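Visitor: Model the following, please.
(2 chains, ligands or ions: 2)
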Amino acid sequence: MIRLSAITRVFHMGDQEVRALNGITVDIASGEYVSIMGPSGSGKSTLLNVIGLLDRPDSGRYELDGIDVTTLSEPEQAQVRRNKIGFVFQAFHLVPRLTAAENIELPLILEGLAPAERKSRVDAALDAFDLRDRARHRPAELSGGQRQRVAIARATILRPTALLADEPTGNLDHRTGAEVMALLEGLHHAGTSLIVVTHDRELGARAHRHIAMRDGEIVADEK
Amino acid sequence: MNLRDTLILSFSTVASYRTRSLLIVLAMALGVAAVVVLTALGDGARRYVVGQFSSLGTNLVIVLPGRAETSGGFPGAALGQTPRDLTLEDARFIGHLPQVRRLAPLNVGVAELTAGGLLREVTVLGSTSELLPIRHMKLSQGSFLANGSERSAQIVLGSQLAHEFFPDGKVIGQRIRLGDSRFLVSGVLAVQGESMGFNSDEIAIIPIDYAQELFNTSTLFRILVEARSRNDIEPAKAAIHHALKLRHDGEDDVTVITQDAVLVTFDRILRALTLGVAGIAAISLAVAGILVMNVMLVAVAQRTSEIGLLKAIGAPAADIRRLFFAEALWLSLAGGAIGYALGHFGAWMIRLAYPVLPAWPPAWASVAGVATALATGIIASLLPAARAARLDPVLALSGK
Ligand SMILES: Nc1ncnc2c1ncn2[C@@H]1O[C@H](COP(=O)(O)OP(=O)(O)OP(=O)(O)O)[C@@H](O)[C@H]1O
Ligand SMILES: [Mg+2]
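Guide: Residues are numbered from 1 along each chain as shown, chains lettered A, B, ... in the order given. Ligands and ions are numbered 1, 2, ... in the order given. Below you'll find the model as predicted:
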């Protein structure tokens, strides 16, 4: 359960002030499938980053599963990110030195799991995302769709309650993008909340709830 | 993230940036090797000099007439007396002290040596048979001066002198003239060369009483005393002072030098020198540290988006700091280890090239070199690691 009330996030560019989030109040129940749309610069990514605890709001209150997370310490926030949030980015953000399997393993290492446990979980993920024969490939040797599949496998390896995707198909062709969306929706069916930021109306329409933003505010919220 | 995984992950990172890592390791290794090799040289020089001194004699105590004191004045001078000379009687008296193993009275002078139509001035030592063992001298031919009691005009020649006067090698039993007296050559010293500024290859040694006659004196230049053991050196010194004070009507008017005092001084000087070069070499390590810092800062800048990603998937700042810290640790560990090996190899080469120089790296220097490498690497990584840990994840993800 995500509960934002009167969230603001203000950036200062020299003496100019940008209100990226201007009093956002919204509840997202667990298991929801939400799309966030809006023009460029309307604050979609900033909202997603605040929800994912990558960014701290300047004011307002954020409750995640009943806990006020804005007051948590840095390591506590990191722990929440690790266990409850999965991020999927437009640019994949795979570590280029590491193989597909090693990239997927990273959150498990951060969590401090034993090597045997890590191996069985990574193997399961490789199978689930159809990456078994790409396990030892480095990102540079993978196609865009495969890279995003690795990123999604990594984001979900610790079974987060919310999956946050910021234009997950932005770097993919239409067909691959549709495949990736199908994958994300499959995870949603399995019980994960799914919040997708997108410019693509067609993709956005597939969500069960549509939030529209403009100038840091929510201008529409329809089921 | 636990320690083991931190070490593994950082190691694989270091290993994957091969060229960069090799350069840092090389810089570190050269710094450590410099510390090891330079201290080996310095300490080798120290051992060499100390060894040279020791070759003068073991547990040596030297008695000189007169009180050499820089402060407190000259007790005799105040009373208008000249200091009392050392005599053979004094030497005999010292010889009875329990701490003394043996002693050799010594007179030195210059006289004309004539033999086979040749003539030259030579340095003449007057002493007894005990001089040979006390000064660790060796003979190449014949025998040394006979034992004190039997008074005979024997002379022992330095190897160079023997060669000059008797090029055909028949030396023993030859008659030579020293001043106005005749001597019979009884032995020739083995080649010893220059030892502490005094060429023993060009001296002649005659019995002490002949020397006193030759130089027309009844006094001694000094008395060389060998204490029974190292621990007896200081008691011997005190006993000599005490004994001679008794003999000299209560005047403590002799100077007793122990070789240890000289040795200790040289030892100190050369140790300080070794420390000095070690310090200079350590500066090159510090330079390597700056290199590590620079490379780590570049690494943080290059891997900004990776750091952002790690934060996004839930790495706390502490984990990121430790990862970069561990990378520096690996680099300096490798640099230290390779430098240690390189330095010991270098010292070995020096010992091969200059066998007289015992260029063994002192243990403290090896340890200090490696420890400095580690410390430098760790200190140099603190700033970059802290910077990485502090990065704002959103900005970092966008590569800013
Ligand atoms: N770190 C920052 N510093 C200054 N301004 C920022 C920063 N991050 C975002 N902004 C500004 O905040 C506003 C919202 O940015 P945000 O990235 O959330 O937009 P967006 O809706 O995701 O846009 P896009 O569709 O182009 O990704 C923009 O005007 C942007 O310039
Ligand atoms: Mg955006």
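Visitor: neighbours of the spatially closest residue to A:A212 that is not a sequence neighbour, just the number please.
Guide: Closest residue to A:A212 apart from its sequence neighbours, by C-beta to C-beta, 6 or more residues apart in numbering or on different chains: A:A220 at 3.9 Å. The way it works is simple: take the backbone N, C-alpha and C, and place the C-beta from them, glycine included. A:A220: 11 surrounding residues under other C-beta atoms under 10 Å in any protein chain shown.
Visitor: One more: B:R46?
Guide: The burial count for B:R46: 21, using other C-beta under 10 Å.
Visitor: got a pLDDT number for it?
Guide: For B:R46, the pLDDT comes out at 84.
Visitor: same thing with A:I152?
Guide: 95.
Visitor: Was I right to think it contacts A:F129?
Guide: Yes: with contacts counted by C-beta atoms under 8 Å, A:I152 reaches A:F129, the gap being 6.7 Å.
Visitor: on contacts alone, who are the packing partners of whichever helix in chain A runs longest?
Guide: For chain A, the helix with the greatest residue count under DSSP state H is helix A:174-189. Using 3 or more C-beta pairs under 8 Å, 6 or more residues apart in numbering or on different chains; DSSP states H and E as the contact test, the elements touching helix A:174-189 are helix A:144-156, strand A:162-166, strand A:193-197.
Visitor: which one of the ones you listed lies closest to A:A6?
Guide: strand A:193-197 (19.5 Å; C-beta to C-beta).
Visitor: for the record, mean pLDDT for that closest one?
Guide: When pLDDT is averaged over strand A:193-197, the result is 95.
Visitor: and the angle from that strand to strand A:162-166?
Guide: Going by axes from the mean of the first three to the mean of the last three C-alpha atoms, to 10 degrees, strand A:193-197 is angled at 10 degrees with respect to strand A:162-166.
Visitor: Can you tell me what sits against strand A:193-197?
Guide: A:2, A:28-37, A:44-45, A:48, A:51, A:161-168, A:181, A:184-185, A:187-188, A:203-204, A:207 (C-beta atoms under 8 Å, 6 or more residues apart in numbering or on different chains).
Visitor: go again using 7 Å as the cut-off
Guide: Residues outside strand A:193-197 that contact it (C-beta atoms under 7 Å, 6 or more residues apart in numbering or on different chains): A:28, A:30-36, A:44-45, A:48, A:51, A:161-168, A:184, A:187-188, A:207.
Visitor: Give me the buried entries from these.
Guide: Buried subset of the contacts of strand A:193-197 (neighbour count, 16 or more other C-beta atoms under 10 Å in any protein chain shown): A:28, A:31-36, A:44-45, A:48, A:51, A:161-168, A:184, A:187-188, A:207.
Visitor: From those, list the ones also adjacent to ligand 1.
Guide: Here is what survives when the buried ones among the contacts of strand A:193-197 are matched to ligand 1 using C-beta under 6 Å from any ligand atom: A:44-45.
Visitor: Show me what counts as buried in the helix or strand of chain A with the lowest mean pLDDT.
Guide: Sorting the helices and strands of chain A by mean pLDDT, DSSP states H and E puts helix A:201-205 at the bottom, at a mean of 89. Neighbour counts using 16+ other C-beta under 10 Å place A:203-204 of helix A:201-205 among the buried residues.
Visitor: Could you do stretch B:235-255 as well?
Guide: Across stretch B:235-255, burial judged by 16+ other C-beta under 10 Å covers B:236-237, B:239-241, B:243-244, B:247-248, B:251, B:253-255.
Visitor: Can I get these in JSON lines including pLDDT and secondary structure?
Guide: Below are the buried residues of stretch B:235-255 laid out as JSON lines (pLDDT from 0 to 100; DSSP: H, G, I helix; E, B strand; the rest coil):
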{"residue": "B:A236", "pLDDT": "91", "secondary structure": "helix"}
{"residue": "B:K237", "pLDDT": "90", "secondary structure": "helix"}
{"residue": "B:A239", "pLDDT": "92", "secondary structure": "helix"}
{"residue": "B:I240", "pLDDT": "91", "secondary structure": "helix"}
{"residue": "B:H241", "pLDDT": "90", "secondary structure": "helix"}
{"residue": "B:A243", "pLDDT": "89", "secondary structure": "helix"}
{"residue": "B:L244", "pLDDT": "89", "secondary structure": "helix"}
{"residue": "B:R247", "pLDDT": "87", "secondary structure": "helix"}
{"residue": "B:H248", "pLDDT": "84", "secondary structure": "coil"}
{"residue": "B:E251", "pLDDT": "80", "secondary structure": "coil"}
{"residue": "B:D253", "pLDDT": "82", "secondary structure": "coil"}
{"residue": "B:V254", "pLDDT": "86", "secondary structure": "strand"}
{"residue": "B:T255", "pLDDT": "86", "secondary structure": "strand"}
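Visitor: Pull the contacting residues for the spatially most central residue of chain A.
Guide: For chain A, the residue sitting closest to the mean C-alpha position, by C-alpha atoms, centre = their mean, is A:L164 at 2.1 Å. A:L164 sits next to A:48, A:51-52, A:85-87, A:195 when contact means C-beta under 7 Å, 6+ apart.
Visitor: what does chain A have sitting close to ligand 1?
Guide: Near ligand 1, when you scan chain A using C-beta under 6 Å from any ligand atom, you find A:11, A:13, A:18, A:20, A:38, A:40-46.
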